[in-house]
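Trainee: Have a look at this prediction, sequence included:
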Amino acid sequence: QVQLVESGGGSVQAGGSLRLSCTASGLTFDDYAMGWFRQAPGKEREGVVCITWSGGSTYYADSVKGRFTFSRDNAKNTIWLQMNSLKPEDTAMYYCAAGCERIPVDYWGQGTQVTVSS
């Protein structure tokens, strides 16, 4: 059974930081590009970042470039999303995914809430 388990969400004030993590089990982790998506209330789910299977390339949505950093450790089956300079518009449920916005997603995590207050 494949599981993607996220952690690290929470509530912060604007300008603060959070670090999300996602640990995978039940799949061959380094077969997959991994991504983070987010969905704010009343909005569609959007891709935020994507990292290739090797970690050699990362792709960021324009809205998070320069503020978010994505990394992975295939030995630990884990990805991390370091989020700095958070803004209220970053408030959303964040989902870890095996796949990215332009790569079919095979598996989803359960989501972790990020709330940024002004």
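Mentor: Noted; the coordinates are in hand. Numbering: from 1, shown residues only.

Trainee: Now do the strands in the protein.
Mentor: 3-7, 10-13, 18-25, 34-39, 46-51, 58-60, 68-73, 78-83, 92-100, 103-108, 112-117 (DSSP state E).

Trainee: I'd assumed residue 46 was in contact with residue 37.
Mentor: Yes: in this structure, residue 37 is within contact of residue 46 by C-beta atoms under 8 Å, at 6.4 Å. (Each C-beta comes from the backbone N, C-alpha and C, glycine too.)

Trainee: Would you mind finding the most buried of the strands of the chain?
Mentor: strand 34-39 (a mean of 24; mean count of other C-beta atoms under 10 Å).

Trainee: export it as CSV, just CAs?
Mentor: Taking Å, rounded to 0.1, in the frame of the first residue of the first chain, the C-alpha atoms of strand 34-39 are listed here in CSV:
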residue,chain,number,x,y,z
MET,A,34,7.7,14.5,-6.8
GLY,A,35,5.6,17.6,-6.4
TRP,A,36,3.7,19.8,-4.0
PHE,A,37,0.3,21.1,-4.8
ARG,A,38,-1.9,23.5,-2.9
GLN,A,39,-5.6,24.3,-2.8
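
Trainee: The nearest residue to residue 14 once chain neighbours are set aside: how many residues sit nearby?
Mentor: What sits nearest to residue 14 in space, not counting adjacent residues and going by C-beta to C-beta, 6 or more residues apart in numbering, is residue 118, at 5.2 Å. Residues lying near residue 118 (other C-beta atoms under 10 Å) number 9.

Trainee: okay, residue 118: pLDDT?
Mentor: Residue 118 carries a pLDDT score of 94 in this model.

Trainee: dump the residue contacts of it.
Mentor: Contact analysis of residue 118 by C-beta atoms under 8 Å, 6 or more residues apart in numbering lists 13, 14, 88.
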